[in-house]
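Q: kindly return the folded structure for what I paste below:
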Amino acid sequence: MDSDEKVLGAVLASCCSQAIEGVLLAAELDEHYGVTVDFIRLLDANAALAHSIVQSPQQMLDALETSLLTAQELVLQKHPQKLSMAVKPNAHIRLHSIPYSMDPEQHLLNPNICNIGSGHLGKLITIRGTVVKAGPVKMFEAQKVFFCNKCKHKFLLKNTAEVSGNSSCTNYELPMECPNPKPCLGSNFKPFDGAGATGYTNHQELRVQEQLQCLEPGSVPASISVILQDELADSVQPGDDVEVTGLVQADWRPLFPGARCDGTLSMKACSTRSISSRHRAAAAPAEGLQDMFRDFWAYHADCPLKGRNKILASICPQIYGLFLVKLAVALTLIGGCPRQDDAGAHIRGECHMLLIGDPGTGKSQLMKFAARMAPRAVVTTGRGTTGAGLTVSATKEGGSWSLEAGALVLADGGLCCIDEFECIREQDRAMIHEAMEQQTLHIAKAGMVTTLSTRTSVLGVTNPSKGAFKHGGSCAGVAATSLSGPLLSRFDIVLLLLDQHEPNWDRIVSEHVLQNHQQASQPFVRALHGWSVEELRSYITWAKAANTNLHMTNDAEQVLTASSFRCAASGPIVLAVARMDVLVYDLPHRVNQIPHHITIRLKPTATIAHSRRFCVNLFLSDM
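A: Next up is the predicted model:
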């Protein structure tokens, strides 16, 4: 057994020497530390050990935990700073990223959450999902000192109870005879009540749900409970996308006479990794699609506006016209770059958009198509929605409180679509002011104080207030909707869609609708119309990742600033199809829309031509 421990220690010392060095250099001796082990590197270093972990995960993980002390000693002996190092007794192995190539069968080691069943019981698996609920950090009794009632010999035992949502479960396997080196044949043992006799650790329960962008339309997302212990507790928050590697176990409910034995599956996490909010919405597009996008812009290098118009024509093709609306949707999805000046003031990079218009103008169709194009999107409705449902709610289960993420938190790093925005109650609307502007949520509920991220673009759809539009007329800003001025100022783009009675326009729209129905059964003809939804989604992901440091020239800033002040001085401009709100408060965001605009064409710098074109769209669209 000692030889096996030395072999495992040598393998760990070679695979994760840097992580072990960090643990040895840590100041606190009794804290819990995690040593990250990449399963792929472990497979390259010792394939037999990697396969043994897959076949007997619990036994091998316990052996690796014991061998980690040997690995620390091996690294300590060879390190030049060994005098300032110390072996940490509470270091733990954190395996992550089980490769798909090790799956003996499909969905066994890397299953979707909805596919986890009784066949995974006792298996080491890796899942990916979104944290929708996080319970409080509790105390778990991990070990206890016992003594022999005959010879008074003391020995330490670990709590072998399966970790579940009930952190008070204990199960100590007492030996048959006293483990004293001097045999006393005692078999009566009692817990020791002295100082330091019981060891405790942190314990937290999460609820991880399937990622919304990975679900089929109309399907209900599945979820599973995940138990975090030691240093993993309180490492993630609601709304975070995580990759969890751990053991599947049965969580049995309390037994009652005459009641059926019932239980659920849960996971005891071996490691958790939070996926970055900027790149978690979707993986990088395939190399073939990236080459297609580069060739597309190379072909339109002489006239980039034609290329931009082709992309916009692919957005919601079933709706005729509305060029400015589709352009605004593209800007909202792609976004820009967040900025922070020397004084520390933060300017968000995400753009918020509000559609106000008559029924039947295609607002909901545009919103749903935008949700399909977004790599990560959450769609909700304002009717019946509360402020807690949009932000975060506090729920009580089993005598303890936990936080459950709402729509804006779940959409962090993506798009949040809210239909019937005017139906949100006034007191609930006030709760989303901070989430939209500061992109954070400061929570103080049920004794829990924390801050959550809401770095999401909001696409709101609302009907005009009663009597706002008369036949052949329009109105602007606050008068067109029941939204308050402070909330309306959070939206960078506000568009008014009018259903005007014009025979020529009605004829063109009806012909377009009939033509779409006739070509619905002809895939070849439909393919000629432009990019598919999947290609648009990949392009948005590619464009957001390609330009991460956009900036404007001084001439472009001067043109845009002068135009914004002109609009502020002359009052709101009402356009025939769409109006963009122009408030002095929103001037920094107006300037920030130019980088959004140039991101569509993957240009690193906004020039004076971009500013002039933006101002033409802003002021002269009614001509």
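
Q: who touches T391 in this structure?
A: Contact partners of T391, counting by C-beta atoms under 8 Å, 6 or more residues apart in numbering, are 406, 408-409, 431-432, 435, 441, 443, 454. C-betas here are computed from N, CA, C, even on glycine.

Q: no, scratch that, I was asking about F491
A: 352-354, 458, 460, 581.

Q: which one of those is nearest G9?
A: The nearest member of the contacts of F491 to G9, counting by C-beta to C-beta, is V458 at 52.5 Å.

Q: all strands for the stretch 201-350 of the chain, in order.
A: For the stretch 201-350 of the chain, the strands defined by DSSP state E, counting those that start in this stretch cover 223-229, 241-252, 263-274, 339-340, 346-347.

Q: er, the stretch 401-550 of the chain actually
A: Remark: strands assigned in the stretch 401-550 of the chain by DSSP E, counting those that start in this stretch are 415-419, 440-445, 448-453, 457-462, 493-497.

Q: so can I have TSV of those strands showing mean pLDDT?
A: Converted to TSV, these look like this (pLDDT from 0 to 100):
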stretch	mean pLDDT
strand 415-419	87
strand 440-445	80
strand 448-453	78
strand 457-462	87
strand 493-497	81
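
Q: close enough to count as contact, S67 and E5?
A: Yes: taking C-beta atoms under 8 Å as the definition, S67 is a contact partner of E5 at 4.9 Å.

Q: find residues that contact each of these two.
A: Joint contacts of S67 and E5 (C-beta under 8 Å, 6+ apart) do not exist.

Q: of the two, which one has the most company?
A: S67 (21 against 17; other C-beta atoms under 10 Å).

Q: and the more buried one, what does it touch?
A: S67 touches 5-6, 8-9, 12, counting by C-beta under 8 Å, 6+ apart.

Q: let's see that with 6 Å instead.
A: 5, 8-9 (C-beta atoms under 6 Å, 6 or more residues apart in numbering).

Q: turn those into CSV, including pLDDT, distance to A197 and secondary structure.
A: Below are the contacts of S67 laid out as CSV (pLDDT from 0 to 100; distance: C-beta to C-beta, whole Å; DSSP: H, G, I helix; E, B strand; the rest coil):
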residue, pLDDT, distance to A197, secondary structure
E5, 77, 27, helix
L8, 84, 30, helix
G9, 83, 29, helix
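
Q: between these, which is closest to C114?
A: Distances from C114 to the contacts of S67, taken by C-beta to C-beta, are shortest for L8, at 35.4 Å.

Q: show me how far the longest helix seen in the chain is from its chain's centre.
A: The longest helix of the chain (DSSP state H) is helix 57-78. Its chain's C-alpha centre lies 33 Å from the corresponding centre of helix 57-78 when counted by C-alpha atoms, centre = their mean, to the nearest Å.

Q: for the following helix or strand past that helix, which outside residues touch it?
A: Per DSSP states H and E, the first helix or strand lying C-terminal to helix 57-78 is strand 91-96. Outside strand 91-96, the residues that touch it by C-beta under 6 Å, 6+ apart are 23, 33-37, 39, 64-65, 68, 230, 245, 270-271, 273.

Q: what ranges does the stretch 301-450 of the chain have for its helices?
A: Using DSSP state H, counting those that start in this stretch, the helices of the stretch 301-450 of the chain run over 304-313, 323-334, 363-373, 387-390, 407-410, 426-429, 433-437.

Q: pretty sure C148 contacts N188?
A: No: in this structure, C148 is not within contact of N188 by C-beta atoms under 6 Å, at 7.3 Å.

Q: quick one: which of those two has more around it?
A: Neighbours around C148 and N188, counted as other C-beta under 10 Å, are more numerous at C148. The numbers are 21 against 9.

Q: what about the more buried one, distance to P181?
A: 12 Å (C-beta to C-beta, to the nearest Å).

Q: could you do V7 as well?
A: Distance from V7 to P181, by C-beta to C-beta: 27 Å.

Q: if we can go back for a sec, so which of the contacts of strand 91-96 wins on neighbours?
A: L68 (27 neighbours).

Q: pLDDT at the closest residue to it other than its chain neighbours, what is it?
A: Spatially, and ignoring its direct neighbours in sequence, L68 is nearest to A91 (5.3 Å; C-beta to C-beta, 6 or more residues apart in numbering). On pLDDT, A91 comes in at 86.

Q: then I594?
A: Reading off the model, I594 has pLDDT 43.

Q: for H597, same thing?
A: The model's pLDDT for H597 equals 45.

Q: same deal with V208?
A: Residue-level confidence at V208 comes out at 90, pLDDT.

Q: neighbours of it, how many?
A: 27.

Q: go ahead and confirm it touches V226.
A: Yes: counting by C-beta under 6 Å, V208 does reach V226; the two are 5.2 Å apart.

Q: need the residue in this protein that's farthest from the chain's center.
A: C184 (58.4 Å; C-alpha atoms, centre = their mean).

Q: tell me the spacing between it and S274.
A: Counting by C-beta to C-beta - C184 and S274 are separated by 51 Å.

Q: ok so, going back, just give me the closest of the contacts of strand 91-96 to E535.
A: Of the contacts of strand 91-96, the one sitting nearest to E535 (C-beta to C-beta) turns out to be R273, at 29.6 Å.

Q: list the residues that contact the closest one.
A: Per C-beta under 6 Å, 6+ apart, neighbours of R273: 96, 243.

Q: tell me how far it lies from I127.
A: In terms of C-beta to C-beta, R273 sits 11 Å off from I127.

Q: can you check P359 too?
A: The value you get for P359 to I127, if C-beta to C-beta is used, is 43 Å.

Q: of these two, which one has the most company?
A: I127 (22 against 9).

Q: can I take it that that one is in a strand?
A: Yes: assessed with DSSP: H, G, I helix; E, B strand; the rest coil, I127 lies in a strand.
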